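Undergrad: Could you look at this predicted model? Sequence included:
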Amino acid sequence: MPDEPDVPTEPDRPDTELTHQLDRYLRHVAIERGRSHNTVSAYRRDLEGFLAYLTAQPGERSDVTTDTVTDYLRSLRERPSPLAATSLARTLSSIRGFARFLVDEGMLSSDPTAQSHPPKAPQRLPKALTIEQIAALLATSGGDEPTELRDAALLELLYATGARISEVVALNLDDIVGDDGTGVADMVRLFGKGGKQRIVPVGSYARSALDAYLVRARPVLSSRGRATPALFLGARGARLSRQNSWLIIRAAAERADLRVAVSPHTFRHSFATHLLQGGADVRVVQELLGHASVATTQIYTRVTADALRDVYVTAHPRARRADRGS
């Protein structure tokens, strides 16, 4: 049986019935609902802030009610450094989950968040690199040193699969599956949010980079540390961290002289955008990305529509109004 997730409490946190229920709730979402460590940590931050607010209220105002939830969210909007709409929505979601847990446990007679609605967040378009920019970035990762072969395989796999960086660094050797007849695995098993599994194809460039890494680099890196099933290893033989992955990506972007912000998620955005530009069905892209709802994926269709509009306006002879002075 796996150890219970670590759900620490702050040393100076007030010892109240609600704090005890909070600890129980965090264990519930970690164990029974399979939420990731990062998600549980975000819940904890949001809810400890809410409980601190309740503790500071006098008398009956310290109860979890519709008014206290509304007032707390208002205080976050009106403070000197107000929370963004996306952060407010996440905070309300955290409180709502906790409130429903309290209802189920008989601590509350009704859900105080039932009438609360998250603020509408501005829709941000993902920032994707062009195909030429991606090619330039990937071309910088050459060399025969073990870490250079690893970096090339990491970057190629990120673009080939559209995986989140957390999913890639969590990969183990046996998550590389399938065989296209050449002896090189052509699929990867990814574990997304909530432990949801999906199988994603791996293109020829990524397969070649992975094969070079597995044959010529990983054994060298593995010999420097304890045995581990991790696919990507750091210089000392341990599983490659998310932080080091960021540094690898940033260094590649600098070598390519892209002069734009590049993050692990840039690869994911570029993967989805380029697939749709190439004619892929949005439902297929949804499955490849591991999105629970197609609505999340459809934001990429807007990106490609904007790109088409720009090309049309630039190229079509009657797409723009003629200059009146000509």
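TA: Received, thanks.
Undergrad: burial of residue 281, as a residue count?
TA: Residue 281 has 10 neighbouring residues, counting by other C-beta atoms under 10 Å. Heads up, the C-betas are built off the backbone N, CA and C, glycines and all.
Undergrad: Residue 34 and residue 193: what is the separation?
TA: Distance check for residue 34 against residue 193: by C-beta to C-beta, to the nearest Å, it reads 9 Å.
Undergrad: Comparing those two, which residue is more hemmed in?
TA: Neighbours were counted for residue 34 and for residue 193 using other C-beta under 10 Å; residue 193 has more, 16 against 12.
Undergrad: Find the residue closest to the more buried one in space, skipping its chain neighbours.
TA: Nearest residue to residue 193, sequence neighbours excluded (C-beta to C-beta, 6 or more residues apart in numbering): residue 36, at 6.9 Å.
Undergrad: Same check on residue 275?
TA: Leaving aside its chain neighbours, residue 275 sits nearest to residue 285 (5.3 Å; criterion: C-beta to C-beta, 6+ apart).
Undergrad: List the buried residues in the helix or strand containing the one you found.
TA: Assessed by DSSP states H and E, residue 285 sits inside helix 282-289. The neighbour-count check on helix 282-289 (16 or more other C-beta atoms under 10 Å) flags 282, 285, 286, 288, 289 as buried.
Undergrad: still on that earlier bit, now for the residue nearest to residue 275: which residues touch it?
TA: 272, 275, 276, 297, 300 (C-beta atoms under 8 Å, 6 or more residues apart in numbering).
Undergrad: ok, so of the residues you listed, who is nearest residue 156?
TA: Checking those against residue 156 by C-beta to C-beta gives residue 275 as the nearest, at 15.9 Å.
Undergrad: Chain neighbours aside, what residue packs nearest to the most centrally placed residue in the chain?
TA: By C-alpha atoms, centre = their mean, the chain has its centre lying nearest to residue 164, at 5.4 Å. Distance criterion C-beta to C-beta, 6+ apart; nearest residue to residue 164, sequence neighbours excluded, is residue 268 at 6.5 Å.
Undergrad: got the contact list for the one helix or strand the one you found maps to?
TA: Assessed by DSSP H and E, residue 268 sits inside helix 264-277. Helix 264-277 has contacts (C-beta under 8 Å, 6+ apart) with 126-129, 131, 134, 155, 158-165, 242, 245-246, 249, 282, 284-285, 288-289, 297, 300-301, 303-304, 307.
Undergrad: pLDDT averaged over stretch 135-153 - what is it?
TA: On average, the pLDDT along stretch 135-153 is 93.
Undergrad: And that stretch, how far out from the chain middle?
TA: Distance, stretch centre to chain centre, for stretch 135-153: 24 Å (C-alpha atoms, centre = their mean, to the nearest Å).
Undergrad: quick one: buried residues of that stretch?
TA: Buried positions in stretch 135-153, judged by neighbour count with 16+ other C-beta under 10 Å: 136, 137, 138, 140, 141, 146, 147, 149, 150, 151, 152, 153.
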